[in-house]
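>>> Just need the structure, nothing else, for what follows:
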Amino acid sequence: MRSMRFLIGTVAVSLFVWVNTGVAQTALRTQAAPHSESQNQDWPVYGGTLESTHYSPLTQINRTNVAKLRVAWMFDSQEDGGLQTNPIIIDGVLYAYTPSQKVIALDAATGNLLWKFDSGIGGTQPVRGLAYWSNGKDERILAGVMNFMYALDARTGKPITAFGENGRIDLREGLGREPQEQSFAVTTPAVVYKDLFIVGGREPETLPAPPGDIRAYDVHTGKMRWIFHTIPHPGEFGYETWPKDAWKTSGAANNWAGMSVDVKRGIVYVPTGSAAFDFYGADRVGDDLFANTLLALNADTGQRIWHFQAVKHDIWDRDFPSPPVLLTVRQNGKQIDAVAQPTKQGWLYVLDRTTGDPLFPVEYHSYSPSNVLGEAAAQSQPLPTKPAPFARQRLTEDLLTNRNADAHEWAVEQFRKFRSEGQFVPFSVGKDTVVFPGFDGGAEWGGSAVDPATGVLYVNANDIPWTGSLAENTEHEMSGRTIYQNQCSVCHRDNLAGSPPDFPSLVGIGNRLSTPEIVRVMKTGKGRMPSFSQLPDDQLNAIADFLTKGESKELASEGSAVQMKYRFTGYHRFYDPDGYPAVMPPWGTLNAIDLNTGDYLWKIPLGEYPELASGGLKNTGTENYGGPIVTAGGLLFIGATNFDRKFRAFDKSTGELLWETTLPFSGNATPATYAINGHQYIVIAAGGGKDSLSGSGGIYVAFALP
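As a prediction, this is how the structure comes out:
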């Protein structure tokens, strides 16, 4: 038996953890609330509903009593690595992942383990949720584990052997390229429509990369039923927006963020990301449909109904980061079914759900051309006139940190070396360009919540600048150094320093990992790093030799590595020497926007650094990952904040903080709420992993009224 003690709100709680068949189960001695005969309320879909509303009609926990919330149960997976999972709850059973991508089913009232499925594959990518299908008799959990999709019996966790090959399908197949050479992972769950599940996936941001085709599969057999080419083939709509043979060689334009479904109309709404290579597009000159596009597809057939492209010829990695929200708004006395899509840029597009027409005017603005040889930036980009952006758009000297004189002086010196002209400024060679908000948004994968009764949307945002630049590839031979520069320096930088913790330093990696271990990580990926299974072994070994020994021998084989004329020199958060954002707060916010009018109801900082707060610098906001949920009880719940490990409840009407508690690890995930026998619970995955000074784990914590 081991004991774990930490602070929940202002109450010290002792938890006794024991291991049963290798899985920790945690009991808290509290008096259960009386049960009523009310009907259970599920959280059956990633994000709560197929419309991605993150909304619950539950009211038992409300403004008047939320301060009384206490831990109801905890489940400790006994794994580290972090969690981003929004669990689903059906008929009193909670389905979720562990950090290594084992699938678990828990009694949602007690946290007791019911079953666990271990595929035998060590999952190394983030996983954000599962999908559920039932016809009333048969119940299936659709679980992505790396490049595989499993169909599991929801009652037992056993694979359904009639599905695919012994219960799984390989999603690298069916993309028109050699399956074994494709890097592909399921990070966000499929959406279920009738007897189909529709899925996208995570892909590399360098070349080679598979195309980001959207695919629908039969939930019974695992056979593909339709496919939509996001890089159009000859004769397909949008083909002329790419070079002639781009569909054979380009990659990505993928849906990694998830989708939403209008079941009544039979429409699936699919946001896509940028095409590879992210930052230099001489091989894909043109607008590049359907990259960076919100697609409305016929869910039965995959046929395009309409599309809206928010970034033409993306060379800034401005992916659509989360599923769009479906809601009804009121304008000019009329009710309009709408779709709202947040962006990394900090803008929100609100469109008619049936036609794609903007509900607030969208203006096309002209931007500077690229000065990089071979590049051809789009001449104009669309921005909505309302709502106003929920993150700052241009870094100026008056916004630099004034946390102390030394930090300010350093920031001014650095800033004067940058190019800072706002949105859609093409990267230059040898001079960093400011991207504000940074590469992680603005909005991120946690998505937004909406109150369908009021049409108010809630979105959390990061509000710090990053910088980046291009460098010319002057070495043309195939060597460990050149392959590293073209495949790895995007995240780990030319000097191997990375941008921890998301992009760790590789300096001295040979002292931590052996060459076979480094090659293994490159083959499978880890955290934000995709797999590099598309590279042959000799090239992977050459990268490892370069990292560990500094050797850069020329290779005889051409292989799969693609060398562009220019490479990205790496992601750089604009942090001061003490590790804090080099701009004035807020560094992260929570926003409430009335989508009937496009006006803000409130905006508050979200999160703080405990060490700064103890010194008097409070409510700075911080980077945050994971989204909010909103309830009919008048509450908005959100974890997300990286450094303070807090889980908070706000008054959804005013933004007033009504309750907060400290989690064992930061809750970089979207919570869920549900009711069993009339007793309402709030659960969140606490895994951490975003703060280099803190550890990571895999704990689910559920709260309820005593």
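>>> Show me the helices in the protein, by range?
Here the chain has its helices, by DSSP state H, at 246-249, 405-415, 480-487, 489-492, 515-524, 537-549, 610-614.
>>> and of the ones you listed, who's closest to S77?
Closest of those to S77 is helix 515-524, at 19.8 Å (criterion: CB to CB). From N, CA and C alone the C-beta is placed, and that goes for glycine too.
>>> buried residues in that closest one?
Neighbour-count burial for helix 515-524 flags T515, I518, V519, R520, V521, M522, T524 (criterion: 16 or more other CB atoms under 10 Å).
>>> my read: the last one touches S531, true?
Yep, that's T524 we're talking about. Yes: the criterion here is CB atoms under 8 Å, and T524 meets it with S531 at 5.3 Å.
>>> any shared contact partners between the two?
T124, M146 (CB atoms under 8 Å, 6 or more residues apart in numbering).
>>> For the residue lying closest to D357 once chain neighbours are set aside, grab the count of nearby residues.
Closest residue to D357 apart from its sequence neighbours, by CB to CB, 6 or more residues apart in numbering: L351 at 6.5 Å. Using other CB atoms under 10 Å, the number of residues around L351 comes to 24.
>>> Could you do the one 10 residues further on as well?
Using other CB under 10 Å, P361 has 9 neighbouring residues.
>>> Quick check: which of the helices of the chain is buried the most?
Sort the helices of the chain by mean neighbour count, taking mean count of other CB atoms under 10 Å, and helix 480-487 sits at the top with a mean of 23.
>>> quick check: angle from it to helix 515-524?
30 degrees (axes from the mean of the first three to the mean of the last three CA atoms, to 10 degrees).
>>> Show me what helix 480-487 packs onto, helices and strands only.
helix 537-549 (3 or more CB pairs under 8 Å, 6 or more residues apart in numbering; DSSP states H and E).
>>> Mind checking the pLDDT average for the helix it packs on?
In this model, helix 537-549 has a mean pLDDT of 76.
>>> Determine how far it lies from the middle of the whole chain.
30 Å (CA atoms, centre = their mean, to the nearest Å).
>>> Repeat that for stretch 285-302.
20 Å.
>>> try stretch 295-313
21 Å.
>>> Now do R403 against M584, distance only.
8 Å (CB to CB, to the nearest Å).
>>> more neighbours, the two?
R403 (20 against 16).
>>> one step back: and the buried residues of helix 515-524, which is closest to A72?
T524 (36.2 Å).
>>> show me what contacts that closest one?
So T524 contacts G122, T124, M146, S531, S533 (CB under 8 Å, 6+ apart).
>>> Which ChimeraX command selects the buried ones in those?
To isolate the buried members of the contacts of T524 in ChimeraX, using 16+ other CB under 10 Å:
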select :124,146,531,533
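>>> export the contacts of T524 to TSV and tack on distance to D76?
Formatted as TSV, those follow (distance: CB to CB, whole Å):
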residue	distance to D76
G122	19
T124	21
M146	24
S531	28
S533	32
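>>> Any chance of CSV for the contacts of T524, columns distance to S77 and pLDDT?
Converted to CSV, the contacts of T524 look like this (distance: CB to CB, whole Å; pLDDT from 0 to 100):
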residue, distance to S77, pLDDT
G122, 14, 88
T124, 16, 88
M146, 18, 96
S531, 23, 76
S533, 27, 71
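>>> Tell me the one of the contacts of T524 nearest D691?
Looking across these and measuring by CB to CB, the closest to D691 is T124, at 19.9 Å.
>>> and the gap between that closest one and M529?
Per CB to CB, T124 is found 8 Å from M529.
>>> Give the intersection of the neighbour lists for these two.
V521.
>>> N332: how many residues sit nearby?
What N332 shows, counting by other CB under 10 Å, is a neighbour count of 5.
>>> Check what pLDDT it gets.
With respect to pLDDT, N332 has a value of 92.
>>> what about stretch 619-636, distance to the chain center?
16 Å.
>>> Could I get the contacting residues of P500?
S692.
>>> How about P437?
K344, Q345, G346, A391, R392, Q393, A461, N462, D463, I464, P465.
>>> Could you do I104 as well?
V23, F75, S77, Y95, A96, Y97, T98, L113, W115, K116, F117 are the contacts of I104 under CB under 8 Å, 6+ apart.
>>> Provide the partner residues of it in its beta bridges.
Beta bridges link I104 to A96, K116, judged by DSSP bridges.
>>> Which pLDDT value does the model give it?
So I104 comes in at 98 (pLDDT).
>>> That one and T187: what is the separation?
For I104, the distance to T187 - CB to CB - is 18 Å.
>>> Please apply the same query to N473.
30 Å.
>>> Settle it for me: which of these two has more neighbours?
T187 (21 against 14).
>>> I'd say the more buried one and G144 touch.
Yes: using CB under 8 Å, T187 makes contact with G144 at a distance of 7.3 Å.
>>> what's near enough to touch S694?
S694 neighbours (CB under 8 Å, 6+ apart): F643, R645, F665, S666, G688.
>>> Run through this structure and note the low-pLDDT ranges.
For the chain, the stretches with pLDDT under 70 are 1-38, 477, 551, 553-554, 556-562.
>>> how close does the one residue sitting closest to the centre of it get to H679?
The residue lying closest to the centre of the chain (CA atoms, centre = their mean) is W445, at 2.9 Å. W445 sits at a distance of 30 Å from H679 (criterion: CB to CB).
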